[in-house]
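Student: Structure, please.
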Amino acid sequence: MSTSHRNVRNRRKPKSAADDARSVTKALVRTQALLQQELERVSHVSNAINEDGNVLTKTKTHQETMNDTAKGANAALRNLKIQLQKEKLVLILSFTFFFAVAFYVLW
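Tutor: Residues are numbered from 1 along each chain as shown. Here you go, the predicted model:
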């Protein structure tokens, strides 16, 4: 396209300052609407992140509670194993004593 052809096209629609102002106003209104939509979207994302943070905090608290419970259960299990060993020793000593006495009596 030649330069003279472009000038003719530009001359066909002379714009006034009022037309320019309306065009700028419409563009600003569209921009404001887009910004409002993005602000709402970011607000929803922020709320979702906060809710996820709360869920993670609750999960961490629950996990810590479960860890404490597991530690308590391990300690109780250790104590039960120690008690079982003591009872085995007492049973063996009791049988030994019983057979020793029975052997002594029957001898």
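Student: in which helix or strand would I find the residue nearest the centre of the chain?
Tutor: The centroid of the chain falls nearest to residue 56 when counting by C-alpha atoms, centre = their mean (3.6 Å). Taking DSSP states H and E as the criterion, residue 56 maps to helix 17-106.
Student: on that earlier part again, who touches the residue nearest to the centre of the chain in this structure?
Tutor: The contact partners of residue 56, taken as C-beta atoms under 8 Å, 6 or more residues apart in numbering, number zero. Glycine gets a C-beta too; all of them are placed from N, C-alpha and C.
Student: That one and residue 62, how far apart?
Tutor: 11 Å (C-beta to C-beta, to the nearest Å).
Student: again, but for residue 74
Tutor: 19 Å.
Student: Quick check: which ranges of the protein have low pLDDT?
Tutor: 1-14 (pLDDT under 70).
Student: Let's see that with 80 instead.
Tutor: Applying pLDDT under 80 to the chain picks out residues 1-15.
Student: what's the neighbour count on residue 104?
Tutor: 8 (other C-beta atoms under 10 Å).
Student: measure it to residue 19 for me?
Tutor: Taken as C-beta to C-beta, the span from residue 104 to residue 19 is 126 Å.
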